[in-house]
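Visitor: Task: produce atomic coordinates for the following.
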Amino acid sequence: MTKLTKETWVVIADGEKALFLENMMDAQDPNLVVRRIDEQDNPPDSDQGTDKPGRMADGGPGQRSAFDETDWHQLAKMRFADDLADTLFKMVHQGRIKRLVIAAAPRILGEIRQSLHKEVEAVLVGEIDKTLTNHPIDEIEKIVMDELSDA
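Guide: Predicted coordinates for the structure are as follows:
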């Protein structure tokens, strides 16, 4: 069972926003304090893509197929996850984070996981595949405690 010990950091991410929380109490009575908030402006894909999908000729006479249009919104979320992994590496490398829990939407968590440096993996004590960015801190504390006690 992974405990939310004092000075454990909990990073809550959803692909557009990341909350960096530090537990200032013990595992029985956590008190998560916001230490940093990272956000990116990521408008809907319809506001980012302006071109019609490209077309290419098929093998038959007069046949043409459309390419899928790039999902700029989803691409920006993946880049945000990569940037978050870089930020975590810097914080762990500087000695600011010694224990870490990451809570993120499943797809974002997977992207972060692929980008994590070995130093970050070494301090990672838990992962939660849920989107918690819009929850109040007291609810986040309860959800994180419940999830870590089930682990």
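
Visitor: Give me the buried positions along stretch 128-139.
Guide: Using 16 or more other C-beta atoms under 10 Å as the test for burial, stretch 128-139 gives Ile128, Lys130, Thr131, Leu132, Thr133, His135, Ile137. For the C-beta atoms, the positions are set from N, CA and C on the backbone; glycine is no exception.

Visitor: And Glu127, its phi and psi?
Guide: In terms of degrees, to the nearest 10, the main-chain angles of Glu127 are phi -130, psi 140.

Visitor: Quick one, grab the pLDDT at it.
Guide: Note for Glu127: predicted pLDDT of 95.

Visitor: Tell me, how many residues neighbour it?
Guide: 17 (other C-beta atoms under 10 Å).

Visitor: pretty sure it is touching Val101, no?
Guide: Yes - taking C-beta atoms under 8 Å as the definition, Glu127 is a contact partner of Val101 at 7.3 Å.

Visitor: would a markdown table of the buried residues of stretch 128-139 with distance to Arg113 and secondary structure be doable?
Guide: As requested, the buried residues of stretch 128-139 are arranged in a markdown table below (distance: C-beta to C-beta, whole Å; DSSP: H, G, I helix; E, B strand; the rest coil):
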| residue | distance to Arg113 | secondary structure |
| --- | --- | --- |
| Ile128 | 12 | strand |
| Lys130 | 15 | coil |
| Thr131 | 16 | coil |
| Leu132 | 17 | coil |
| Thr133 | 18 | coil |
| His135 | 22 | coil |
| Ile137 | 25 | helix |
